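Engineer: Compute the structure for the input listed below.
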Amino acid sequence: WSVDPFGAVIRDDRLYGRGAVDMKAAIACFVAALARHGGGKGSVSLLITGDEEGPSIDGTRKVLDWLTARGERLDSCLVGEPTGVAAVGDTMKIGRRGSLNVKLSVFGTQGHSAYPHLADNPIPRLLAVLGQLTAAPLDEGSEHFDASSLAITTIDVGNKASNVIPAEVRAGFNIRFNDRHSSQSLREHITRVASLLAGRHELSFEVSGECFLTPPGPLSAAVAEAAHAVTGLECRPSTSGGTSDARFIRHHCPVVEFGLLSAQAHKVDEHVPLADLETLTRIYQGVLGQGVLERAP
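Structural biologist: Alright, predicted model coming up:
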């Protein structure tokens with residue numbers, strides 16, 4: 001870093017710091033918009049959590065459980081994730097693809113590479129599974145979603161010797177899936193392929209979130225109208241990118257994500273132009289002015 005990452009340094013009309021884009025600055029814009037907006041017919045609450053980037057065990061999930069236990073009903077939710085592509089106001093997220101992490105271990109018998117007939121090399125069987133899973137696209141996309149994707153993220157035998165056939169090989173891969181699939185249907189597909197090709201093996205699955213969509217409605221219309229009024233841009237609905245806490249909120253109310261430009265997120269010298277903060281604040285203020293966060297959609 002060229003500045004203190006925790007110093008909120010302003011240089012050349014830009015605010016530098018960790019989370020400047022993702023997404024501490026959006027919190028400041030929320031607060032400023034509420035202060036300018038004043039009162040309304042309903043209640044508006046801010047939920048600020050430090051658990052979104054981690055295992056997401058506490059934070060939003062616990063607050064939602066607490067609200068449910070109290071009989072509280074949410075009408076709408078706006079999440080300040082960075083969504084802009086070329087300019088603040090050009091994109092909102094109305095859903096997200098699901099995310100499934102898979103770990104596959106395939107077992108064989110260790111031996112000397114000069115005597116492969118005395119060993120059982122698990123690597124070809126693992127490659128056969130991965131080859132089958134990646135041989136064809138999972139789908140071609142759907143009305144609101146890009147095509148699902150499978151990315152192999154690791155292959156490891158834990159073997160530094162070039163003349164030893166390993167007894168085990170492990171692979172990890174991540175699937176980002178659209179509304180043509182569920183985590184369960186993908187689990188069944190992967191389990192079926194592994195059972196046919198892997199031989200002795202172990203599979204484990206971790207679901208980061210299911211695919212979801214907030215159909216176009218009052219909330220997305222309010223965001224689009226406010227963004228256009230402030231920037232003159234047509235705010236495009238999108239479902240690309242990774243997961244966020246919106247995946248938990250969607251069970252409780254319509255949810256839209258809208259914030260700053262996403263290109264700087266998680267980067268060294270993460271920064272945001274001060275002008276973008278004012279733009280985002282005015283857009284949030286415009287959404288509040290329409291009352292969509294204060295009434296049932």
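Engineer: just the CA coordinates of stretch 141-154, formatted as PDB?
Structural biologist: Taking Å, rounded to 0.1, in the frame of the first residue of the first chain, the C-alpha atoms of stretch 141-154 are listed here in PDB:
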ATOM      1  CA  GLY A 141     -27.700 -19.600 -19.400                       C
ATOM      2  CA  SER A 142     -31.200 -18.400 -18.800                       C
ATOM      3  CA  GLU A 143     -33.300 -15.300 -19.000                       C
ATOM      4  CA  HIS A 144     -31.700 -13.500 -16.100                       C
ATOM      5  CA  PHE A 145     -28.500 -15.500 -15.600                       C
ATOM      6  CA  ASP A 146     -25.200 -16.200 -17.400                       C
ATOM      7  CA  ALA A 147     -24.200 -19.800 -18.100                       C
ATOM      8  CA  SER A 148     -23.200 -21.800 -15.100                       C
ATOM      9  CA  SER A 149     -19.400 -22.400 -14.700                       C
ATOM     10  CA  LEU A 150     -17.200 -25.100 -13.200                       C
ATOM     11  CA  ALA A 151     -13.700 -24.000 -12.300                       C
ATOM     12  CA  ILE A 152     -11.100 -26.500 -11.100                       C
ATOM     13  CA  THR A 153      -9.200 -24.700  -8.300                       C
ATOM     14  CA  THR A 154      -6.700 -27.300  -7.100                       C
END
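Engineer: Now do K103: how many residues are near it, please.
Structural biologist: The number of residues packed around K103, counting by other Cβ atoms under 10 Å, is 15. C-betas here are computed from N, CA, C, even on glycine.
Engineer: what sits against it?
Structural biologist: R170, A171, G172, L203, S204, F205 (Cβ atoms under 8 Å, 6 or more residues apart in numbering).
Engineer: Starting from the helix or strand encompassing it, tell me which strands it pairs with and how they run.
Structural biologist: Assigned by DSSP states H and E, K103 falls within strand 98-107. In the sheet containing strand 98-107, its partner strands are strand 168-177 (antiparallel), strand 201-209 (antiparallel), by DSSP bridges.
Engineer: Can you name the next helix or strand after the longest one?
Structural biologist: Taking DSSP H and E as the definition, the helix or strand that follows strand 168-177 towards the C-terminus is helix 183-197.
Engineer: again, but for the shortest one
Structural biologist: Once the chain leaves strand 201-209, the next helix or strand it forms, by DSSP H and E, is strand 212-213.
Engineer: can you list the residues that contact that next one?
Structural biologist: I94, G95, R96, G98, H144, F145, D179, T239, A246, R247, R250.
Engineer: Spell out the residue ranges of the helices in the stretch 1-150 of the chain.
Structural biologist: Applying DSSP state H, counting those that start in this stretch to the stretch 1-150 of the chain gives helices spanning 24-37, 60-69, 123-134.
Engineer: helices or strands next to the last one in the packing?
Structural biologist: For helix 123-134, the contact count by 3 or more Cβ pairs under 8 Å, 6 or more residues apart in numbering; DSSP states H and E identifies strand 98-107, strand 149-156, strand 168-177, helix 183-197 as packing neighbours.
Engineer: Take these and lay them out in TSV including distance to L126 and mean pLDDT.
Structural biologist: TSV is the format used below for the helices and strands packed on helix 123-134 (distance: least, Cβ to Cβ, whole Å; pLDDT from 0 to 100):
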stretch	distance to L126	mean pLDDT
strand 98-107	4	97
strand 149-156	7	97
strand 168-177	5	97
helix 183-197	9	98
